[in-house]
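> mind folding the following:
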Amino acid sequence: MLAAYYAVVLVCFHHSILTIEDYFDKNYIERHDIILRERAVRCDKETSEKYIQAAKELSWIDREENGYFIHTPKSIEEFRCEGDVQHICVYSAGYYNKVIRKESIIVFLREMKDVPYVTIEFNYETFKVLQARGKYNRALEPSLYQYVVGLGRRLCRERLAF
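Predicted structure coming up:
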């Protein structure tokens, strides 16, 4: 049944299915995922432009503190890269749309510049931590989670000071 779903997706996106063996091809799911990612990026220029505007409003969050690099993604492509490297759904679940709608703020925490470590979702208004995940969607160590909660409080105070 799952193979039939993938077949429908491939046909809908104008990829022909040549044989019944395609239903059982071990690379079928991988091809499906690649096509969906390509289509999402290709068809979403308007969303991308909206996100870039929303991200500009959040650039004040970017900083280096306590040995961490705190970074707000500047493009939807950064969400894709984060999701791919961390093996999390920050891109595939469309969290960038929550930023556009001003529901959430997504922050990437790095131990080393440009190397994913933790992905954080804050409430847009209160900076309450909605979720914070490491690689493979792992929960954070308690001390790191407390740092993230404190970061949210500091960011909230900074925003109020504007």
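
> all contacts plus neighbour counts: C-alpha atoms, from now on.
Noted.

> please name the nearest non-neighbouring residue to the residue nearest in space to the middle of the chain.
The chain has Val90 as the residue nearest its centroid, 2.6 Å off, counting by Cα atoms, centre = their mean. Leaving out its chain neighbours, the residue that sits closest to Val90 by Cα to Cα, 6 or more residues apart in numbering is Gly83, at 5.4 Å.

> now the helix or strand where that neighbour lies: average pLDDT?
Assigned by DSSP states H and E, Gly83 belongs to helix 76-86. Throughout helix 76-86, pLDDT has a mean value of 93.

> other residues contacting it?
Under the criterion Cα atoms under 8 Å, 6 or more residues apart in numbering, residues 41, 48, 51, 73, 88-92, 96, 116-117, 134-137 lie in contact with helix 76-86.

> quick revisit: helix, strand or coil: sort out the residue nearest to the centre of the chain for me.
Put simply, Val90 is coil when judged by DSSP: H, G, I helix; E, B strand; the rest coil.
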